[in-house]
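**Student:** quick one, fold the following:
(one chain, ligands or ions: 1)
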Amino acid sequence: MKTALVTGGAGFIGSHLVDRLVSEGIRVVVLDNLATGNWDNLAHHDEQHVTRVLWDVSEPWPDDILPRAVDWVFHLASPASPVHYRRLAVQTLMVNSVGTKHALDFALRSHARFILASTSESYGDPEVSPQPETYWGRVNPVGPRSCYDESKRFGEALTSEYVRTYDLDARILRFFNCYGPRMQAEDGRVVPNFVRQALQGEALTVYGTGQQTRSFCYVSDEVDGIWRAAVADGIAGEIINIGNPEERTILNFAEMVADIAGITLQIEPRPLPPDDPTNRCPDISKARRILGWEPRTDLRVGLEETFRFFRSQGSP
Ligand code: UDP
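**Tutor:** Just a heads-up that it's a prediction; the model follows:
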């Protein structure tokens, strides 16, 4: 039986990845300190298939309780919402630097393939659209988002160096905005905020003019891209965007959320957070070419699923 280790496996994307791995017949070990994750996301798995280890991956790893050999290390542990990584700024810097080093070292000594969850934030506030992997980005190195952006960029540099220096079979995936069930209602991102507000009949909090753009990828599509990258051979050192290339303004997104909720859109304007990227849209031609992957879920369909999830969690 193959084995995978997933850091951050109790989180939003991580737990969906665990579901996929289990469905592929893989035994999974999850390392998570529950800073932003929750074991409830894995409650439907028994201990035989999914081993849960409460651990801060920035600390030296507990080799005595981990398998000696695994087939894959998926490194997803990190706060990912701007609200969370501001609140956990130093921890975010640590998990994406020191934590990434521990994960890479573990992959080396257990002869595993390594998958780094990186981010579109590597591009910062981009001057080209859509963003291809070859774009170097425009990131404020010391701004309020830099704890996330720069530590993810450092993680990319370290991973690339483990490929060059130690011949590690690693790949780097840049996730764009992902959404779906198991997002936390209070994590501050636009999808849970708008869905929660719409369900409660409140005005939607649009930051700035609402003319900034994002591109939203449904979580099952995202996980399919991660899985394809994990099983693809001959792509060590490759960097691949994983996201949905359908770009829309936040204002347009608010209109769609209100429409699905069946409410008249009311907007509560709020100031734009500093360094909020003006646009974000993945060029996924590389993912199409080397993984045969592209997202399939229509935004409206994915949002309806997300609404169902929030309703099942007790939102009105
Ligand atoms: N945003 C918004 N209202 C909210 C939360 C976010 O208008 O209640 C905007 C935010 O300014 C950004 C976009 O929606 O332009 C996406 O924000 P999010 O926090 O989801 O993630 P980001 O893409 O910025 O990492």
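
**Student:** pLDDT at the residue of the stretch 1-150 of the chain found nearest the ligand, what is it?
**Tutor:** Here the stretch 1-150 of the chain gets closest to the ligand at one residue, Pro82, 4.7 Å apart by CB to the nearest ligand atom. C-betas here are computed from N, CA, C, even on glycine. On pLDDT, Pro82 comes in at 96.

**Student:** again, but for the one 5 residues further on
**Tutor:** Each residue has a pLDDT score; the one for Arg87 is 96.

**Student:** not counting sequence-adjacent ones, nearest residue to it?
**Tutor:** Pro79 (7.7 Å; CB to CB, 6 or more residues apart in numbering).

**Student:** my read is that neighbour is in a helix, agree?
**Tutor:** No - Pro79 is assigned coil when assessed by DSSP: H, G, I helix; E, B strand; the rest coil, not a helix.

**Student:** around Ile263, count how many other residues there are.
**Tutor:** Residue crowding around Ile263 was assessed by other CB atoms under 10 Å; the count is 17.

**Student:** give me the number of residues near the residue nearest to it when sequence neighbours are not counted?
**Tutor:** Leaving aside its chain neighbours, Ile263 sits nearest to Ala198 (5.9 Å; criterion: CB to CB, 6+ apart). Counted by other CB under 10 Å, the residues lying close to Ala198 total 25.

**Student:** what's near enough to touch Ala198?
**Tutor:** Leu204, Val257, Ala258, Ile260, Ala261, Ile263 (CB atoms under 8 Å, 6 or more residues apart in numbering).

**Student:** Gly292 versus Val231, what's the distance?
**Tutor:** Using CB to CB, to the nearest Å, Val231 is found at 11 Å from Gly292.

**Student:** likewise for Arg196?
**Tutor:** From Arg196 to Gly292 the distance is 36 Å (CB to CB).

**Student:** neighbour count for these two, which is higher?
**Tutor:** Arg196 (18 against 9).

**Student:** now do the phi/psi pair for Gln131.
**Tutor:** phi -90, psi 120 (degrees, to the nearest 10).

**Student:** from what I see, Ser120 and Asn177 are in contact.
**Tutor:** Yes - judged on CB atoms under 8 Å, Ser120 makes contact with Asn177 at a distance of 7.4 Å.

**Student:** the more surrounded of those two?
**Tutor:** Ser120 (24 against 19).

**Student:** which residues touch the more buried one?
**Tutor:** Contacts of Ser120 (CB under 8 Å, 6+ apart): Gln131, Arg174, Phe175, Phe176, Asn177, Asn241, Gly243, Arg280, Pro282.

**Student:** returning to that earlier point: common neighbours of Ser120 and Asn177, please.
**Tutor:** Joint contacts of Ser120 and Asn177 (CB under 8 Å, 6+ apart) are Gly243, Arg280.

**Student:** pull the residues that contact stretch 93-102.
**Tutor:** With CB under 8 Å, 6+ apart as the criterion, stretch 93-102 contacts 7, 56-61, 75, 77-79, 116, 147-148, 150-152, 154-155, 158-159.

**Student:** out of those, which are inside strands?
**Tutor:** Thr7, His75, Leu116 (DSSP state E).

**Student:** export these to TSV and tack on distance to the ligand?
**Tutor:** Formatted as TSV, those follow (distance: CB to the nearest ligand atom, whole Å):
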residue	distance to the ligand
Thr7	20
His75	19
Leu116	18
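
**Student:** now, which of these sits nearest Asn33?
**Tutor:** Thr7 (9.5 Å; CB to CB).

**Student:** for that closest one, which non-adjacent residue is closest in space?
**Tutor:** Ala77 (3.7 Å).

**Student:** cool, Gly201 as well?
**Tutor:** Ile263 (6.4 Å).

**Student:** which phi and psi does that neighbour have?
**Tutor:** The phi/psi pair for Ile263 (degrees, to the nearest 10) is phi -120, psi 160.

**Student:** and it, how far from Val257?
**Tutor:** Ile263 is 9 Å from Val257, by CB to CB.

**Student:** Lys101 now?
**Tutor:** In terms of CB to CB, Lys101 sits 40 Å off from Val257.

**Student:** the more surrounded of these two?
**Tutor:** Val257 (23 against 17).

**Student:** now that one: how far from Val139?
**Tutor:** 29 Å.

**Student:** stretch 260-280 - what's its average pLDDT?
**Tutor:** On average, stretch 260-280 scores 97.

**Student:** no, scratch that, I was asking about stretch 61-79
**Tutor:** pLDDT averaged over stretch 61-79 gives 97.
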